[in-house]
Every structure is written in structure tokens, then in C-alpha cells.
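Engineer: Next come a sequence and a model predicted from it.
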2 protein chains.
Amino acid sequence: MKRKPAEYYGYKYDIPLDEFFQFGVSVDCVIFGYKEGKVYILLIRRGAKPYEDQWALPGDLIYPKENLEDGAKRILIELTGLQDVFMEQLGAFSEVDRHTLGRVITVGYFAMNHLDKFNPKAQSWVKELSWVELTEVPQLAFDHNDIYDNALRKLRNYLKSDKPIGFELLPEKFTLLEYLNMVEYVLGEKLDKANFRKRLLAADFLVPLNERQKNVNHRPAKLYKVNQIKLFEK
Amino acid sequence: MKRKPAEYYGYKYDIPLDEFFQFGVSVDCVIFGYKEGKVYILLIRRGAKPYEDQWALPGDLIYPKENLEDGAKRILIELTGLQDVFMEQLGAFSEVDRHTLGRVITVGYFAMNHLDKFNPKAQSWVKELSWVELTEVPQLAFDHNDIYDNALRKLRNYLKSDKPIGFELLPEKFTLLEYLNMVEYVLGEKLDKANFRKRLLAADFLVPLNERQKNVNHRPAKLYKVNQIKLFEK
DNA sequence: CCAAAAGTGTTCATTCTACACCCATGG
DNA sequence: CCATGGGTGTAGAATGAACACTTTTGG
């Protein structure tokens, strides 16, 4: 995109206008995944400087003709093949010295899905890719721990809220207890089973299926799925 | 900030790395102000292209060595003289064609204060400055209406939440009814006076003063101030 | 029959809501 | 005395927390 000289626009800055246009912009994604009772985030081992070989959130510079959301979706698809996933912006992180490559502002994104569907594939620019349990998240490159903390806070708020977005983490069919266990895992606290069931069913986001668990050595639980429409209305 | 050549970092992009570093980054502030029962936001009439002469949120490109928060504070101080005001990030707005000057990503900021203290002063780059009632916000330049909508939603959530941040809007000493009227104005709905008082006082954010209204032709109301410490703890 | 998890019911305390009513001041 | 807003009390409904209990399956 060619720019006209600063005088045209009437700007009067104390440094040349060009120096304002030297920022890089990146997105970094906190991708939560759930499988068999545990919640993970997707981390990469960096294959490029700076912080080469260190663990980091998956992220990338966005292209000159790309907006942030498309950038975030691109990363998600490249690494996981996932499309049409719940995604939300976390905010911008902009400390002057956060990136050694130059002045780079990053915007965090938050995504959720269950892990049953896919095998993440490392791209050329990534040395290693791994789902890491929430309790095991190591020190990360850049300010990525800040971004992660932000995302975890948001996830917890969602799980506690009237609009339990956390369903996105579960497989299509799930039991109420499976959902409860996931919530307890993320919140790090025990909740009352009976009250949890009642509140959840009263909220009317779930549709009971004519299906039950199989091959369990106890009374099989009823399976539910999400009523996407009701969830969206809230 | 000088950058090393792309090869040094091991990046392999399909376009030269320099093209990633041509973004401008700006902040735009939604500054809420309260006076005598009404809530306003501060708007400027632009003195530079693009959108010259149109109404817009006050904002500016951030400097190469400045982070977003400092940029937002700078704008607030330049236009209003206000320092140490409650501020919060709203998120990034990044549509590719949102700015004709070049590729500019903007980050919205949210601030609140009461208007009794100060007279905003237009800077050289601003043709006109005005406090506009919430109900009268016109069409704005760029995507500024989106940013404003976002901010208003946030303000409403705050006023409804357990942590009523809206105190920032009020003068140092205020009556409960004054606060109620402000909340009703912003939410656009009537609330029950008795229940509002009870909930507010139970939340324990307010300190009653040994002072009452003067020269009113009805029973004078007790004045309160905010217990900043309690508010911070929540 | 037992173990284990599914699922229900009941009680009590707390909070919310609606609304009636009394109080203090200026004029 | 009245008008005006300030300020309180209460009853009933709704919600939430704690916990005991019943049900259904596999083995």
C-alpha cells in the first residue's frame, strides 16, 4: 500500500511519518483442547530466533493484507486443521521490548475444541508441537505467559457464567458428569454434583439424547448434546 | 530499532520480511464523562485527512518507543489534562481497509471521569472538541462507531456487575440517588430505588460522610464517597 | 449380593423483587 | 400545610448450598 507524503494529510509530527509505519503485528493463539478428563493447550517449540527452541504459543506475523481474525484462523488451520472453531480476541500486548526482531505488537486469541477429531501437524517453522496440560504449562517465550494467564482467566469466567461456553471443549455427545469433571479440572475446585446438574438443565442449553453410555460397570449415564440455538440466543 | 536480515532469524516467508513491518498502530479512546445527570463521550472533529472535518474518537498513532497504554494516557492528558484515570483496553480493530493512510491497526481504550474538574482543550491537530451525550453520538470516522459500541457495552456491564466501576464517573461526593440516576441513564431503564440502595450499601464500597445536601427543597440526602480500597479488593 | 457411579428430593438459608410507607426540608 | 425527593420495612418468590437418599448397571 503506497502512502502519500505526510503533508497531504496535514499531520504534524515531530518525527517523520514513516517511522510510525514500522510496526509488525502478530497474533498468538491460546488453543484449549479437552480429552478424557483433562484440558490442554497447544504449544510449539520455536524453530526460529528469537527464543529458538523455547516453548511458545502458536503465533505468526500477520500479512499486509490480512486482518487479525483471519490471521488467527490461519494459524489454527495450519497447525490443527480445525475450521469453524469458537474464537475470541483477548486483547493487545505491546511492551516496547517484547520482541527482539523489531517493534512487534501482538494480539492474543482464544480458541477451544475437543481433541478427538484431529492430529495436530507441525509446520516447517515449528520444531515440535505438543498438547500440554494446564497444570504443566512451562515458562514461555516473549510475554506468552501473560497471554495464557489472560486466556485461562477468561475460560474460568466462561465456565462459571450463565452462558457456559465450555461446551465447545466436549465431544458432540457427552454426559453431565463428564462436563462437571472438565469444569472442576479447569476451576481447580470441587462442585456439588446435584446442584450442578440442576442448574445446567434449568439453563436449557442441553438436549437429552435417546442414548446412554455403554460398557461401564455402573448405571450408564444419559448422553446430551448442545442446543446451539439456545446457546447463541443467550 | 534496527533489524537484522531475515535469514538470521530463520524465518521463511513468501514475501520479504520488511513488508511485514509496515503497520502503523494507533489508539482510540472512548472517554466517558458525567455531569449533572447526563453522561457524555468526548469527540473531536478531525483536522487532518482522512475524514477531515468528521467527528471521531480522540486517538493517535503511537510512537515507535511507546506502548499502547502510554499512548492512550498521552492522548487523555493532551486533550483533557486528566491523569491517573481509570483506563482499560477494549481490544484491537484491524480491518485491512479501515484507514486510508496505510495499514493501521487500532486499539480501543476506555476511560471514565466526571466533568466537573476540567475544561478539555483542543490541540493543534483537532478542529473542535465536544462532549456529546450518549444518546446523540453521530456517525463517526473509520470504524469508531464499532469501538464506541464496544465501550458502551462494557460500561453497561460494569454498572450491572458486582463491582460497580461506574463510581469513577461521579464527583468525589455524591448521593445514592445521583448514582442511581446515572446508572438508569446509561442502562436506559428504571431500577427500584429501595433495592438499589440496599444492594449498593451491602456491597460496602461506599463510605457515608457526615455531610448532607444543601439548599434543596426536600429532605437533604446524605453524601457518600467511594472506599477505594474495598473497590480495589473485589 | 456388592461396588460404583447415575440421578433425585428435601431442607434451610440467602438473595431478589415489588411495593407500601414514613421522614425531613423549603416554600 | 404541601410538594418533593430521601430513606426504611416487610412479605413472598426465587435461588443456592448442603447433604441424604434411591436407582441402575456389571460382575
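Structural biologist: Now that the structure is in, tell me what you want to look at.
Engineer: for the longest helix seen in chain A, packing partners?
Structural biologist: Secondary structure of chain A per DSSP state H: the longest helix is helix A:144-160. Using 3 or more CB pairs under 8 Å, 6 or more residues apart in numbering or on different chains; DSSP states H and E, the elements in contact with helix A:144-160 are strand A:24-35, strand A:86-93, strand A:104-114, helix A:176-187. No exception for glycine: its C-beta is placed from N, CA and C like everyone else's.
Engineer: Let's have these in CSV, adding mean pLDDT and mean neighbour count.
Structural biologist: Formatted as CSV, the helices and strands packed on helix A:144-160 follow (pLDDT from 0 to 100; neighbours: other CB atoms under 10 Å in any protein chain shown):
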stretch, mean pLDDT, mean neighbour count
strand A:24-35, 96, 24
strand A:86-93, 96, 20
strand A:104-114, 95, 24
helix A:176-187, 95, 18
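Engineer: mind giving me CSV with those and columns for distance to B:Asn145?
Structural biologist: Formatted as CSV, the helices and strands packed on helix A:144-160 follow (distance: least, CB to CB, whole Å):
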stretch, distance to B:Asn145
strand A:24-35, 23
strand A:86-93, 18
strand A:104-114, 21
helix A:176-187, 36
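Engineer: Indicate which one of the ones you listed is closest to A:Asp143.
Structural biologist: Nearest to A:Asp143 among the helices and strands packed on helix A:144-160 is strand A:86-93; the distance by CB to CB comes to 5.4 Å.
Engineer: Okay, now the sheet partners of that closest one, with direction.
Structural biologist: Strand pairing for strand A:86-93, determined by DSSP bridges: strand A:104-114 (antiparallel).
Engineer: Next, the angle strand A:24-35 makes with the partner strand.
Structural biologist: 20 degrees (axes from the mean of the first three to the mean of the last three CA atoms, to 10 degrees).
Engineer: distance between the helix or strand following strand A:104-114 and the chain's centre?
Structural biologist: Proceeding N to C from strand A:104-114, the next assigned helix or strand is strand A:126-133, under DSSP states H and E. Counting by CA atoms, centre = their mean, to the nearest Å, strand A:126-133 is centred 14 Å from the centre of its parent chain.
Engineer: How about strand A:126-133 and chain B, touching?
Structural biologist: No. Strand A:126-133 stays out of contact with chain B when judged by CB under 8 Å from any CB of the partner chain, the minimum separation being 10.5 Å.
Engineer: what does that strand contact?
Structural biologist: A:33, A:35, A:38-47, A:53, A:55, A:58, A:79, A:115, A:120-122, A:138 (CB atoms under 8 Å, 6 or more residues apart in numbering or on different chains).
Engineer: do stretch A:220-231 as well
Structural biologist: Here stretch A:220-231 has contacts from A:163, A:167, A:172-177, A:204-209, A:211-214, using CB under 8 Å, 6+ apart.
Engineer: quick one: buried residues of it?
Structural biologist: Going by neighbour count (16 or more other CB atoms under 10 Å in any protein chain shown), the buried part of stretch A:220-231 is A:223-226, A:231.
Engineer: looking only at pLDDT, what's the mean for that stretch?
Structural biologist: The average pLDDT for stretch A:220-231 rounds to 86.
Engineer: per-domain residue ranges of chain A.
Structural biologist: A:23-146, A:171-233 (automatic domain parsing).
Engineer: JSON lines for the ones you listed, including distance to B:Leu187?
Structural biologist: Below are the domains of chain A laid out as JSON lines (distance: least, CB to CB, whole Å):
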{"stretch": "domain A:23-146", "distance to B:Leu187": "25"}
{"stretch": "domain A:171-233", "distance to B:Leu187": "21"}
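Engineer: and among those, the most buried is which?
Structural biologist: Comparing the domains of chain A by mean neighbour count (mean count of other CB atoms under 10 Å in any protein chain shown), domain A:23-146 comes out on top with a mean of 18.
Engineer: How about that one and DNA strand C, any contact?
Structural biologist: No. Applying CB under 7 Å from any atom of the strand, one finds domain A:23-146 out of contact with DNA strand C, separated by at least 11.5 Å.
Engineer: chain center to that domain: distance?
Structural biologist: That offset, for domain A:23-146, works out to 8 Å (CA atoms, centre = their mean).
Engineer: Then stretch A:163-180?
Structural biologist: Distance of stretch A:163-180 from the chain centroid (CA atoms, centre = their mean) equals 16 Å.
Engineer: What separation do you get for the spatially closest residue to A:Tyr158 that is not a sequence neighbour and DNA strand D?
Structural biologist: Spatial nearest neighbour of A:Tyr158, excluding adjacent residues (CB to CB, 6 or more residues apart in numbering or on different chains): A:Ile165 at 4.1 Å. With distances taken as CB to the nearest atom of the strand, to the nearest Å, A:Ile165 is found 18 Å from DNA strand D.
Engineer: A:Ile165 touches A:Met112, doesn't it?
Structural biologist: Yes. Assessed by CB atoms under 8 Å, A:Ile165 is found in contact with A:Met112 at 7.4 Å.
Engineer: what residues are shared contacts of these two?
Structural biologist: Residues touching both A:Ile165 and A:Met112 by CB under 8 Å, 6+ apart: A:Phe86.
Engineer: tell me which parts of chain A are close to DNA strand D?
Structural biologist: So far as CB under 7 Å from any atom of the strand goes, chain A lies against DNA strand D at A:192, A:194-195, A:199, A:212, A:215-220.
Engineer: rewinding a little: next, the angle strand A:104-114 makes with the longest helix of chain A.
Structural biologist: Using the same axes, to 10 degrees: helix A:144-160 against strand A:104-114 is 40 degrees.
Engineer: how about helix A:144-160: buried residues?
Structural biologist: In helix A:144-160, counting by 16+ other CB under 10 Å, buried: A:144, A:147-148, A:150-152, A:154-155, A:158-159.
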